[in-house]
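1. Next one to model:
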Amino acid sequence: MFEVLPQLAPDPILGLSAAFKQDTNPNKIDLGVGVYKDEQGNTPILSAVAKAQTILLEREKSKTYITPQGVQGFIDGMLGLILGEKSPVLMADRVAAVQAPGGCGSLRILAELLTRVNKDTKVWISDPTWANHIPLMGNAGLSLETYPYFDKATASIRFDAMMETLRKVEKGDVVLLHGCCHNPTGADLTKEQWQQVAEVAKEREFLPFVDLAYQGFGDGLEEDAYGVRLLCESLPEVIIAASCSKNFGLYRERVGLAAIVTADSATKKIAQAQIQSVARGMYSMPPSYGGALVDIILSDVALKQEWETEVNEMRNRMSTLRSLLVDKLAANGAQKDFSFVNNQKGMFSFLCITPEQVQKMRNEHSVYFVDSSRVNVAGISQANIDDLAKAMVAVINS
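-> Numbering: from 1, shown residues only. Predicted coordinates for the structure are as follows:
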């Protein structure tokens with residue numbers, strides 16, 4: 001049967017990782033894969049997570065299935081974190097939600113639900129966007145369109161062009177928005193821009209679909225939720241996919257949340273049953289472990305404070321590395337002004353250099369990142385930043 005399957009091109013990021021491993025240069029630098037790394041290049045288990053693991057080991061008495069929607073404490077804690085503890089939509093019992101296997105699982109569950117609503121649903125995604133948005137949405141059977149978002153030439157958001165397109169989006173269409181720390185560009189909407197998006201969503205009656213994968217890595221846990229909270233408090237319906245991979249460091253545990261803000265509590269009950277039905281048809285029952293850890297952390301005052309401190313430390317480290325890289329590029333005589341990197345937020349930055357320059361970085365200096373020029377800022381360290389800056393200047397000035 002399987003000889004009819006065509007050969008697929010290798011995944012560019014996985015291929016990049018393989019090439020990095022094969023490189024024998026002792027000073028090679030990996031800025032490709034999007035995981036947080038510390039100064040030693042490790043992706044650590046957060047202290048709050050380690051303590052939660054110990055608590056869970058002592059507390060857990062069974063490995064039987066949990067409830068179909070997931071760990072309820074996890075769901076409640078995450079909704080409070082995302083929407084605010086006193087969110088009007090939570091108070092009005094308007095939010096259906098399930099624990100999902102990672103942010104990807106959340107996106108796919110919601111995509112499948114959209115096909116139940118209307119098999120011809122059109123989803124608008126930003127240009128550029130995270131590469132996996134396309135198969136996660138498209139493989140569910142949704143049709144995809146793009147709206148302008150980022151201009152490499154000016155290293156800035158094409159907000160006027162974005163709004164011009166959104167004003168043409170039809171009622172019932174879905175617009176996928178990055179809640180914060182836009183992947184791949186690191187360029188985020190301002191509060192004023194979020195307000196304009198909310199207004200056009202109300203006017204055109206499209207459904208906002210917010211992907212919130214990096215809460216806490218931009219300006220702060222509360223600050224990064226501004227856009228999603230504004231939409232939820234301004235509109236009758238919003239859908240949200242959230243991930244705990246980055247801010248809790250739970251990459252391999254695959255912990256995510258799929259949430260639906262509905263117009264009223266009666267619709268919420270219908271949406272809750274439907275979203276659980278979608279999950280049932282995909283993986284039957286949710287995993288427990290990662291969600292249980294998040295539940296323990298968010299429900300314990302001391303552990304939550306410790307976790308928030310760790311998130312702040314990760315965010316501040318990445319912000320410091322951005323500034324340091326900009327300074328070192330300038331000090332080494334870069335002919336391009338990279339000050340825009342300081343305005344970008346989160347784990348990623350768009351360096352706005354050409355694919356040919358990216359290839360030269362890889363081939364001549366063993367610096368690995370994807371052709372779009374997206375770099376993982378957390379892959380930079382005090383130990384490699386001088387080599388990185390010198391390599392970039394050598395390529396850019398040549």
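
2. Where do the strands of the chain begin and end?
-> Under the criterion DSSP state E, strands of the chain are mapped to 29-30, 95-101, 122-127, 143-148, 150-151, 156-157, 174-178, 207-212, 238-243, 255-261, 348-350, 367-368, 374-376.

3. will you turn those into TSV that also has mean neighbour count and distance to residue 329?
-> Using the backbone N, CA and C atoms, a C-beta is placed for each residue, glycine as well. Output for the strands of the chain, formatted as TSV (neighbours: other Cβ atoms under 10 Å; distance: least, Cβ to Cβ, whole Å):
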stretch	mean neighbour count	distance to residue 329
strand 29-30	23	15
strand 95-101	26	40
strand 122-127	20	27
strand 143-148	15	28
strand 150-151	18	20
strand 156-157	18	18
strand 174-178	24	26
strand 207-212	24	30
strand 238-243	26	31
strand 255-261	28	36
strand 348-350	26	12
strand 367-368	24	13
strand 374-376	25	12
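
4. any chance of those strands in JSON lines, with mean pLDDT and distance to residue 336 too?
-> Converted to JSON lines, these look like this (pLDDT from 0 to 100; distance: least, Cβ to Cβ, whole Å):
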{"stretch": "strand 29-30", "mean pLDDT": "96", "distance to residue 336": "19"}
{"stretch": "strand 95-101", "mean pLDDT": "98", "distance to residue 336": "41"}
{"stretch": "strand 122-127", "mean pLDDT": "98", "distance to residue 336": "23"}
{"stretch": "strand 143-148", "mean pLDDT": "98", "distance to residue 336": "23"}
{"stretch": "strand 150-151", "mean pLDDT": "96", "distance to residue 336": "15"}
{"stretch": "strand 156-157", "mean pLDDT": "96", "distance to residue 336": "15"}
{"stretch": "strand 174-178", "mean pLDDT": "98", "distance to residue 336": "25"}
{"stretch": "strand 207-212", "mean pLDDT": "98", "distance to residue 336": "30"}
{"stretch": "strand 238-243", "mean pLDDT": "98", "distance to residue 336": "33"}
{"stretch": "strand 255-261", "mean pLDDT": "98", "distance to residue 336": "37"}
{"stretch": "strand 348-350", "mean pLDDT": "94", "distance to residue 336": "13"}
{"stretch": "strand 367-368", "mean pLDDT": "96", "distance to residue 336": "16"}
{"stretch": "strand 374-376", "mean pLDDT": "96", "distance to residue 336": "15"}
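
5. the helices in this protein, which residues?
-> Listed in chain order, the helices of the chain (DSSP state H) span residues 12-22, 47-59, 72-83, 88-91, 102-117, 133-138, 159-166, 191-204, 226-234, 265-283, 289-299, 301-331, 355-365, 385-396.

6. Lowest average confidence across those, which one?
-> Mean pLDDT values for the helices of the chain show the minimum at helix 12-22, a mean of 85.
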